[in-house]
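**Q** Provided below are the primary sequence and the corresponding predicted coordinates.
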There are 2 protein chains.
Amino acid sequence: MAMAETVRSERKYPCERCPLMRRAAFRDFNRKELAFVSRFKRGELTVDKGATVLAEGTRNPHLYTVLIGWGFRYKLLPDGRRQIVNFVMPGDLIGLQGALMDEMQHSVEALAPMVLCVFEREELMSLYREHPELAYDVTWLASREECMLDENLLSVGRRSAIERFAYLLAFLVTRARTVGLVNGAPTELPLTQQHVADTLGLSLVHTNKTARKLAERKLIRWRERGCEVLDVDGLMELARWEGIQQDVRPFI
Amino acid sequence: MAMAETVRSERKYPCERCPLMRRAAFRDFNRKELAFVSRFKRGELTVDKGATVLAEGTRNPHLYTVLIGWGFRYKLLPDGRRQIVNFVMPGDLIGLQGALMDEMQHSVEALAPMVLCVFEREELMSLYREHPELAYDVTWLASREECMLDENLLSVGRRSAIERFAYLLAFLVTRARTVGLVNGAPTELPLTQQHVADTLGLSLVHTNKTARKLAERKLIRWRERGCEVLDVDGLMELARWEGIQQDVRPFI
DNA sequence: CGCTTACTTGAGTCTGGTCAAACGGGGTGG
DNA sequence: CCACCCCGTTTGACCAGACTCAAGTAAGCG
């Protein structure tokens, strides 16, 4: 478990040239907000693939916004069983729980190299005092996370293995596209079958056999080190999933 | 699906004598906050057991805080499969998703007669502008919900049927006790086995057989119209669940 | 008294889990 | 350069936990 804690003082991505602002999916800041966020931002954290960004059971003085890369959020049972509860992508705020409660109740690990904006949890209250609109946005992000978790729970609780798998892939591709992580079809997702198994609540072996069935239906192709999604609509139909309503979204 | 929409203009529970404030688990308001919330509150909604408080796919102009009673939050698949994603108890804020996003992505139904405070979603922004501390509390509540969902997902994804069942009951009793819904042991929960099945992602039949095993171990006793929890510690041990950190919590 | 709702129970089936082994590509040390 | 190893994937055999179907019971209610 490599903990990466390299906070760079010189910034590769100053807020005025935030890579997220370029994307249509994200809203714009006004000048005052930009100035505040720029002050609120404490640095940048770069982590390698496989590194732990946040660890369950620890206190962390920081909050992060993902600028670049992929990761996943997970919990462990005492005997080591792992459940991936959600994935994190550019624009997502992570560590809010740790900021509001006490200890982190989950861990976050990078699926690919990541760059994150670092904020001080102590200063979150000043954001609430000085910029109600930004505070509202923080709540919006928390609420969106809740919405995704509801969907995941529905899936794990009530869908069959193949439906779950289809839902997961459609969900990930949809999200990844709106933030510009991938483009065009086919789309490659940097997951191992173990990640999929731990997300869906299945065993590795059965996940593999299910992947095979999806491949036979020409919905995906499994490659070394990742899954190529060939037919998102087919996956959505199989999962009976309607997709997510996507307007312009905030971020901090 | 009986929709109860009785907003009473005369208040049985004015904010100054809010039944939640009496409980140790909840924080106090200062005078200004109390005045604001009292203005923010638009009325009271009383619903019968079995009635739908909020329905998936609709827009609802209101936000609610549960004052009295129990309910559950659920989602449906197109073919009718149901997943209960969480339960709601006194002090919980519901409908926030509807306020921030567009349509409701889940429904809420009463498990027992409920009384709810009604707020106008349109005025949420004024709460954010005028009372940053209350805004912070709203986010806190959203974050706590996220935390519970993570736990539920871990349970449904990675625990066996009997562990899940044990976790669910321990979880519900713990929450119900801190808000004073039940007291002492044994503790009675107003659930049917169908509710349990839809929460745990199991079939009704298998839920019944699992309930039987818990009863044989003297952890619970199933009664007509509810579950009597005899040994919470035993349930927690069986589920390998540590419990939740419980400090004083906010509410609106 | 009949109807409905919730809980029980048993039989048979199947989805998904476990165990075990093997493959194949990429990296590494001899 | 080759042997070896490791990681992620693949496959088969067998097992078990959970599902479906079907029927029956018990309590509550109009």
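**A** Cool, the structure landed.

**Q** any residue of stretch A:118-132 up close to chain B?
**A** Yes. Stretch A:118-132 is in contact with chain B by CB under 8 Å from any CB of the partner chain, via A:124-125, A:128-129, A:132. In this view, the C-beta of every residue, glycine as well, is placed from N, C-alpha and C.

**Q** That stretch: how far from the chain's middle?
**A** Remark: stretch A:118-132 is offset 22 Å from the chain centroid, using CA atoms, centre = their mean, to the nearest Å.

**Q** Doesn't A:E44 belong to a strand?
**A** Yes. Membership of A:E44 in a strand is supported by DSSP: H, G, I helix; E, B strand; the rest coil.

**Q** can stretch A:199-211 be found next to DNA strand D?
**A** Yes. Interface with DNA strand D: stretch A:199-211 contributes A:204-205, A:208-209, A:211 (CB under 7 Å from any atom of the strand).

**Q** my bad, should have said stretch A:73-90
**A** No. Counting by CB under 7 Å from any atom of the strand, DNA strand D is not contacted by stretch A:73-90; separation bottoms out at 12.8 Å.

**Q** Just give me how far that stretch sits from the chain centre.
**A** On CA atoms, centre = their mean, the centre of stretch A:73-90 falls 12 Å from the chain's centre.

**Q** do the same with stretch A:89-109
**A** 11 Å.

**Q** Please apply the same query to stretch A:174-194.
**A** 12 Å.

**Q** And it, what's buried?
**A** A:174-182, A:187, A:189-191, A:193 (16 or more other CB atoms under 10 Å in any protein chain shown).

**Q** cool, stretch A:156-164 as well?
**A** A:156-159, A:161-164.

**Q** Tabulate those residues (CSV), appending secondary structure, distance to B:C15 and pLDDT.
**A** As requested, the buried residues of stretch A:156-164 are exported to CSV (DSSP: H, G, I helix; E, B strand; the rest coil; distance: CB to CB, whole Å; pLDDT from 0 to 100):
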residue, secondary structure, distance to B:C15, pLDDT
A:V156, helix, 40, 98
A:G157, helix, 37, 98
A:R158, helix, 39, 98
A:R159, coil, 43, 98
A:A161, helix, 50, 98
A:I162, helix, 51, 98
A:E163, helix, 46, 98
A:R164, helix, 45, 98
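
**Q** Chain B next: which of these are close?
**A** A:156-159.

**Q** Between the residues you listed, which sits nearest A:L77?
**A** The shortest separation between A:L77 and any of those is 15.0 Å, and it belongs to A:V156 (by CB to CB).

**Q** so A:M89 makes contact with A:A176?
**A** Yes. Counting by CB atoms under 8 Å, A:M89 touches A:A176, with 6.3 Å between them.

**Q** list the residues that contact both of those two?
**A** A:W70 (CB atoms under 8 Å, 6 or more residues apart in numbering or on different chains).

**Q** Give me the distance between the residue lying farthest from the centre of chain A and chain B.
**A** Distance from the C-alpha centroid of chain A peaks at A:E216, with 28.8 Å (CA atoms, centre = their mean). Taking CB to the nearest CB, to the nearest Å as the measure, A:E216 falls 24 Å from chain B.

**Q** ditto for A:E188
**A** Applying CB to the nearest CB to A:E188 and chain B gives a distance of 25 Å.

**Q** Ok, A:T210 next?
**A** Relative to chain B, and taking CB to the nearest CB, A:T210 is found at 15 Å.

**Q** same deal with A:I252?
**A** Using CB to the nearest CB, one gets 12 Å for the distance from A:I252 to chain B.

**Q** For that residue, give me its contacts.
**A** Contacts of A:I252 (CB under 8 Å, 6+ apart): A:37, A:40, A:65, A:93, A:119, A:127, A:134, A:137-138, A:141.

**Q** For it, give me the pLDDT.
**A** At A:I252, the pLDDT value in this model is 91.

**Q** With A:G243 instead?
**A** So, for A:G243, pLDDT stands at 91.

**Q** what does A:M3 give?
**A** 51.

**Q** Go through stretch A:105-119 and flag the buried ones.
**A** Neighbour-count burial for stretch A:105-119, counted by 16+ other CB under 10 Å, picks out A:105-111, A:114-119.

**Q** quick check, nearest of those to B:I244?
**A** Looking across the buried residues of stretch A:105-119 and measuring by CB to CB, the closest to B:I244 is A:Q105, at 9.1 Å.

**Q** residue contacts, the closest one?
**A** A:56, A:75, A:97, B:147, B:150-151.

**Q** three-state assignment of it?
**A** Under three-state DSSP, A:Q105 comes out as coil.

**Q** Return the set of residues that bridge with the closest residue to A:G95 other than its chain neighbours.
**A** Nearest non-adjacent residue to A:G95, counting by CB to CB, 6 or more residues apart in numbering or on different chains: A:L63, 4.6 Å away. Using DSSP bridges, the beta-bridge partners of A:L63 come out as A:F119.
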